[in-house]
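Trainee: Give me the fold of what follows.
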Amino acid sequence: MIRNHRREVVAAYLFILPFVLSYGVLFFWPTLQMIYLSFTDAPLIGPGQWIGLENYIEMFDDRRFWTAVRNTSYFVALTVIPNTLIGLAIAMMVSRLKGWQQSVILAMFFLPYILPVSVVYRIWNWMFNVQFGIMQYPLTWIFGEPTPVFRVQWMFMPTVAFVTIWWTCGFNILLFLAGLRSIPSDIYEAAALDNANRWTIFRRITWPLIWPVTALVLTIQLILQLKIFDQVYLFVQGGRPDPSMVMVQYIYNMAFQRNEGGYAAAIAVALFAIVIVFSVLQFQLLRSRGEK
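Mentor: Sure, this is the predicted structure:
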């Protein structure tokens, strides 16, 4: 028995060894290098001098850094909860369909998710085009004239958030639909025998049982939207980037455009810490609420 146990342990270590090696080479070691780089004045490529906490001190006094933090936080507020609620609402509607109807509707909502960001940018840049974009019809009715939404500062971030929700909502729908299908039908049948209405069924049955999936979706959305870059970078082309700059965009600007690799690494470490802290706190709070 002892020999068999040892063989099982050795086999287990052999199976997990490729993952541990790939994780160490592709994530852990680059993370340590990034942290070390943040304490130097190194350019993007090449060594630099050790300067201690100077990059972090400069970062906290940097007006553009705090602008990027505010814009990223604003984008998170515009997308995380609305995207989750919309995904849940659509999943509940899709779950009521049967057969090919459910498959077609689900495919319509999921297809945008598989599009690359460049295609999403082209589609919506064309639809919001001031001269011939179809979205200019409701905008003209609201504002009285065609409006370049990606050139108006207060409209830029909500518009990009709207496009992001349209683009990524399909994945949330799939997760919620899987959670809804895991709820036993016997519970709904018992509620129907008690003459419970739809709101009572949702509040007393569906929402509590779907809560673990909701916590997962909220955590995934928080992590993804804190790292927002592609949409903002593409839609801001031709406009003023500074007022709409997000954190990953600022890292890109400092590293690849200004060749300040050490300072960019310090900002990346700050973003890394923010993502870990907020995602862990949110997930723990949501899980504790679900347990109650």
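
Trainee: just for the stretch 101-250 of the chain, where's the confidence low?
Mentor: Within the stretch 101-250 of the chain, the stretches with pLDDT under 70 are 238-241.

Trainee: For residue 227, which non-adjacent residue is closest in space?
Mentor: Beyond its immediate neighbours in the sequence, the residue positioned closest to residue 227 (Cβ to Cβ, 6 or more residues apart in numbering) is residue 248, lying 5.7 Å away. Bear in mind the C-beta positions are built from the backbone N, C-alpha and C, glycine included.

Trainee: Check residue 150 too.
Mentor: Once flanking residues are discounted, residue 150 sits nearest to residue 235: 5.0 Å by Cβ to Cβ, 6+ apart.

Trainee: and what of residue 153?
Mentor: Among residues not flanking residue 153 along the chain, residue 243 sits closest, at 5.5 Å (Cβ to Cβ, 6+ apart).

Trainee: Wait, that neighbour touches residue 151, no?
Mentor: No: because the distance of 11.2 Å does not satisfy Cβ atoms under 8 Å, residue 243 is recorded as not touching residue 151.

Trainee: Relative to residue 96, how far out is the residue nearest to the spatial centre of the chain?
Mentor: To find the centre residue of the chain, average its C-alpha atoms and take the closest one (Cα atoms, centre = their mean): that gives residue 224, at 2.1 Å. Relative to residue 96, residue 224 is positioned 28 Å away (Cβ to Cβ, to the nearest Å).

Trainee: Alpha carbons only: can I get stretch 138-156 in CSV?
Mentor: Coordinates of the C-alpha atoms in stretch 138-156 are reproduced here as CSV (Å, rounded to 0.1, in the frame of the first residue of the first chain):
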residue,chain,number,x,y,z
PRO,A,138,-31.4,58.6,-32.9
LEU,A,139,-28.6,61.0,-31.9
THR,A,140,-29.9,63.6,-34.3
TRP,A,141,-33.3,63.2,-32.9
ILE,A,142,-31.9,63.7,-29.3
PHE,A,143,-29.4,66.4,-29.9
GLY,A,144,-30.8,68.1,-32.9
GLU,A,145,-27.7,67.5,-35.1
PRO,A,146,-25.3,64.7,-36.0
THR,A,147,-22.9,64.1,-33.1
PRO,A,148,-19.3,62.7,-33.2
VAL,A,149,-19.6,60.7,-30.1
PHE,A,150,-16.0,59.6,-30.1
ARG,A,151,-14.8,63.2,-30.2
VAL,A,152,-17.1,64.6,-27.4
GLN,A,153,-15.4,64.0,-24.1
TRP,A,154,-18.4,63.3,-21.9
MET,A,155,-19.9,60.9,-24.5
PHE,A,156,-16.7,59.0,-25.3
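
Trainee: domains for the protein, by residue range?
Mentor: 1-37, 49-291 (automatic domain parsing).

Trainee: wait, which of the ones you listed is closest to residue 43?
Mentor: Relative to residue 43, the nearest member of the domains of the chain by Cβ to Cβ is domain 49-291, separated by 4.8 Å.
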